[in-house]
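Enquirer: coords below, sequence missing:
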């Protein structure tokens, strides 16, 4: 009788899985595609802010060369103090970008969290553990000399596995609906954020900022060298080394900017394709979308390497 009851329970549970799975709006491959899309996208969403941070650091270093060229102690004090208190946050291009960066980054992190396997695997693992622990308790109980018949073991573990499977399928269905709704509704935010950030990075104002850093570095170092020559002081070897390093970093700014733009464009296109397929009720992930996601991850790795140097 107990066996029949358990079998009925297992059959009912498996039927529940089939009904639930048929209600899932997304396939496992589609959820995987979303997760892959967001896997390294935090690099892309943060890249404009990191680029501005690098430019701010360059501004500080070349400003110190200029401060060192001043002969008046008071003038030098005021210049160094101003450098410490001033950042690129004052630039309008940075202020315009910061809002888009914050919104875009928050969206991508939320989407990655919702589409992660941990959202449904954790519950299944917990239920399997409960079944195993119950069987262990029964096993130890049966070894005691209680005078009662042994309690059959194995059923708790079996039921735990079935329940875990059912729970995982149910959670995946719930996850699928959540991911679908977020991607479809969020595509407008993604498109607006990517377009705005790309416009900012490609703007004349941004070109002027990059050009200004290049020219100011050369001018500030020339002023520093002229001041040392006037004082009859030798040029420290480390100063030349630092100048060469800063010059290399300023020359890389356009390439970093262009890589950020390419990565933003790739993310926007991949997300738009996913949103369109989800809205149309499609269950497959086309090969060209996987290729776009792969390209995005390659771009993200390149951007990350450039920003870290």
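Expert: Good, I have the coordinates. Note that the structure is a prediction, hence the values are computed from the model and not measured. Residues are numbered from 1 along each chain as shown.
Enquirer: rest of the way, CA atoms for contacts and neighbours
Expert: Will do.
Enquirer: which residues of the stretch 151-300 of the chain score low on pLDDT?
Expert: Residue ranges of the stretch 151-300 of the chain with pLDDT under 70: 151-173.
Enquirer: how about 90 then?
Expert: Filtered on pLDDT under 90, the stretch 151-300 of the chain yields the residue ranges 151-190, 192-193, 205, 209, 281-284, 292-294, 297-300.
Enquirer: do the same with the stretch 1-150 of the chain
Expert: Residues of the stretch 1-150 of the chain meeting the criterion pLDDT under 90: 1-57, 60, 71-150.
Enquirer: go again using 70 as the cut-off
Expert: 1-24, 87-92, 118-150.
Enquirer: packing partners of the helix or strand harbouring residue 243?
Expert: Per DSSP states H and E: residue 243 is located in helix 237-279. On a contact count with 3 or more CA pairs under 8 Å, 6 or more residues apart in numbering; DSSP states H and E, helix 237-279 meets helix 28-39, helix 41-68, helix 155-201, helix 204-231, helix 287-308.
Enquirer: beyond the second one, next helix or strand please.
Expert: If you walk from helix 41-68 toward the C-terminus, the next helix or strand you reach (DSSP H and E) is helix 73-85.
Enquirer: give me the contact list for that next one.
Expert: Helix 73-85 has contacts (CA atoms under 8 Å, 6 or more residues apart in numbering) with 60, 63-64, 67-68, 70.
Enquirer: off-centre distance for stretch 25-34?
Expert: The chain centroid and the centroid of stretch 25-34 are separated by 19 Å under CA atoms, centre = their mean, to the nearest Å.
Enquirer: need the contact partners of it.
Expert: Applying CA under 8 Å, 6+ apart, the external contacts of stretch 25-34 come out as 111-112, 115, 173, 176-177, 179-180, 274, 278, 281-285, 290, 293.
Enquirer: how about stretch 243-259?
Expert: 48, 51, 58, 61-62, 201-202, 210, 213-214, 217, 221, 299, 302-303, 306-307.
Enquirer: of the residues you listed, buried ones?
Expert: 48, 51, 58, 61-62, 201, 210, 213-214, 217, 221, 299, 302-303, 306-307 (16 or more other CA atoms under 10 Å).
Enquirer: return the member of those nearest to residue 41.
Expert: Nearest to residue 41 among those: residue 299, at 9.8 Å, using CA to CA.
Enquirer: surely that closest one meets residue 261?
Expert: No. Here residue 299 does not reach residue 261: they are 10.1 Å apart, not a contact under CA atoms under 8 Å.
Enquirer: gap between stretch 279-295 and the chain center?
Expert: 20 Å.
Enquirer: check which residues of it are buried.
Expert: Neighbour-count burial for stretch 279-295 flags 285, 289, 292-293, 295 (criterion: 16+ other CA under 10 Å).
Enquirer: one more: stretch 205-215?
Expert: By neighbour count on 16+ other CA under 10 Å, the buried set for stretch 205-215 is 206, 210, 213-214.
Enquirer: same deal with stretch 242-249?
Expert: 243, 246-247, 249.
Enquirer: take the helices and strands packed on helix 237-279 and write them to TSV, including distance to residue 267.
Expert: Shown next, in TSV, are those (distance: least, CA to CA, whole Å):
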stretch	distance to residue 267
helix 28-39	8
helix 41-68	8
helix 155-201	8
helix 204-231	22
helix 287-308	6
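Enquirer: closest one to residue 265 among those?
Expert: Nearest to residue 265, of all those, is helix 155-201, at 6.8 Å by CA to CA.
Enquirer: just want the most central residue of the protein.
Expert: residue 42 (2.0 Å; CA atoms, centre = their mean).
Enquirer: any idea how far it lies from residue 108?
Expert: Distance, residue 42 to residue 108, by CA to CA, to the nearest Å: 7 Å.
Enquirer: what do you get for residue 260?
Expert: Noted for residue 260: a distance of 16 Å to residue 108, by CA to CA.
Enquirer: more crowded one of those two?
Expert: Higher neighbour count among residue 260 and residue 108: residue 260, with 28 against 21, using other CA atoms under 10 Å.
Enquirer: hmm, the more buried one is touching residue 50, no?
Expert: No. In this structure, residue 260 is not within contact of residue 50 by CA under 8 Å, at 10.4 Å.
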